[in-house]
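1. All I have is the shape, not the residue letters:
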């Protein structure tokens, strides 16, 4: 195959001023320069970039971003520079520290009947935002659907997250994960957590597949891995990804126990144990006794109504009659009651951290 190169063109008024800047300050190498007697074009390469500085270029100077593991040691610690040709240079960290925004607590109710818009996102999937405020950027909760089943145009990728859950609500989807063996089918009622930076790919989906996806924080980077092929040769289900293990929770055979709220029971997905307490996920259904007023002392408490109906009562709020597709967030310290639950009620509860105190009365 013939060699192909690409380069970014930048203008210059005086090439002799740009040469020492790009070679000495930005530590790039000069590959070509011409004409010899009065140069007007020079090509520089470095840091995964090829730049053509051209006196005949008419476009704006633009901005170059250089990412390095030692931003304070690059360009004498300067974080913003301007080249002689006017190009702005930004120096930033290659791997910036992971920062989780502080939660902006709020009582949120999102009803499917309100006809919130579905937005087409990555790989052609339709997204519905379940927490529009994102609680100050601390969490994103999405109701995702793929109307027409079949192969999904996805690539091997990973997310820079603190926590991420995929719960299959309707239909099924075929997935494959790094170090977890062959692709598998995620059925309705089952879920997986995607530990930080685990490589994965969505392969195939049933018609009208619907999933609930939770991501912490709300804004996180998705990176395509062009090198890894999945499934990979190594199988290591106990591997820790930044302290978290991959979990594929299956409803079949799961144990139901009394829930933290009277009148309900739940099945624990083991996500609390496998994330080191970062988050807990429970599927909740009707149990014995009458619902009571309670308060919680967690940070984030998100619930999605999967089946049935209930009335969400909150102090100082009008009651909300909720049905499948509705979602809500209860802030810490607020008294609420899950009143008048139908016999077929089924809820998905996601809490951060996984263990927290619930106070009755």
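-> Noted; the coordinates are in hand. Just so you know, these numbers come straight off a predicted model, no measurement behind them.
2. Tell me the secondary structure of the closest residue to residue 355 other than its chain neighbours, please.
-> Excluding the flanking residues, the one nearest residue 355 by C-beta to C-beta, 6 or more residues apart in numbering is residue 277, at 5.9 Å. Every C-beta, even on glycine, is put in place using the N, C-alpha and C of the backbone. Classification of residue 277 using DSSP: H, G, I helix; E, B strand; the rest coil returns coil.
3. before we move on, what about the one 4 residues further on?
-> Assigned with three-state DSSP, residue 281 falls in the strand class.
4. Would you mind confirming that it makes contact with residue 165?
-> Yes - shown here, residue 281 and residue 165 form a contact pair, counting by C-beta atoms under 8 Å, at 6.1 Å.
5. what do the two both touch?
-> Here residue 281 and residue 165 have 191, 193, 271, 350 as joint contacts, going by C-beta atoms under 8 Å, 6 or more residues apart in numbering.
6. Going by neighbour count, which residues of stretch 1-20 are buried?
-> 10, 11, 12, 15, 18, 19 (16 or more other C-beta atoms under 10 Å).
7. residues contacting the fifth one?
-> Spelled out, that is residue 18. 12, 42, 53, 83, 84, 85.
8. ok, now with 6 Å
-> Residues near residue 18 by C-beta atoms under 6 Å, 6 or more residues apart in numbering: 12, 53, 84, 85.
9. and the spatially closest residue to the third one that is not a sequence neighbour, what helix or strand is that in?
-> On the basis of C-beta to C-beta, 6+ apart, the spatially nearest residue to residue 84 that is not a chain neighbour turns out to be residue 17, at 3.8 Å. Residue 17 is part of helix 15-20, with elements assigned from DSSP states H and E.
10. downstream neighbour of that helix in the secondary structure list?
-> strand 29-34.
11. which helices and strands sit right next to the helix or strand just after that following strand?
-> Heading C-terminal from strand 29-34, the first helix or strand you meet, by DSSP H and E, is strand 41-46. For strand 41-46, the packing partners by 3 or more C-beta pairs under 6 Å, 6 or more residues apart in numbering; DSSP states H and E come out as strand 29-34, strand 49-54.
12. helices and strands around the last one, which ones?
-> Counting contacts by 3+ C-beta pairs under 6 Å, 6+ apart, the secondary-structure elements packed against strand 49-54 are strand 8-11, strand 41-46.
13. quick one: pLDDT of residue 98?
-> As predicted, residue 98 sits at a pLDDT of 78.
14. Test my guess that residue 140 contacts residue 217.
-> No - using C-beta atoms under 6 Å, residue 140 is not in contact with residue 217; the gap is 7.7 Å.
15. How about the contacts made by the nearest residue to residue 14 once chain neighbours are set aside?
-> In space, and not counting its chain neighbours, residue 14 is closest to residue 84: 6.7 Å by C-beta to C-beta, 6+ apart. Residue 84 makes contact with 17, 18, 21, according to C-beta under 6 Å, 6+ apart.
16. Tabulate these (CSV), appending distance to residue 57 and pLDDT.
-> Conversion of those to CSV gives the following (distance: C-beta to C-beta, whole Å; pLDDT from 0 to 100):
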residue, distance to residue 57, pLDDT
17, 15, 96
18, 12, 96
21, 16, 97
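17. In terms of residue numbering, what are the domains of the protein?
-> 8-93, 116-249, 256-360 (automatic domain parsing).
18. For the last one, give the mean pLDDT please.
-> The average pLDDT within domain 256-360 is 97.
19. ok, now stretch 175-195?
-> 98.
20. So for that stretch, first residue to last residue, what's the gap.
-> End-to-end span of stretch 175-195 (C-alpha to C-alpha, to the nearest Å): 14 Å.
21. Please apply the same query to stretch 16-29.
-> 15 Å.
22. cool, stretch 284-298 as well?
-> End to end - C-alpha to C-alpha - stretch 284-298 spans 18 Å.
23. Contacts made by that stretch with the rest, please.
-> With C-beta under 6 Å, 6+ apart, stretch 284-298 has contacts from 259, 262-266, 332-333, 335, 337-339, 341, 343, 345-347, 349, 351, 356-360.
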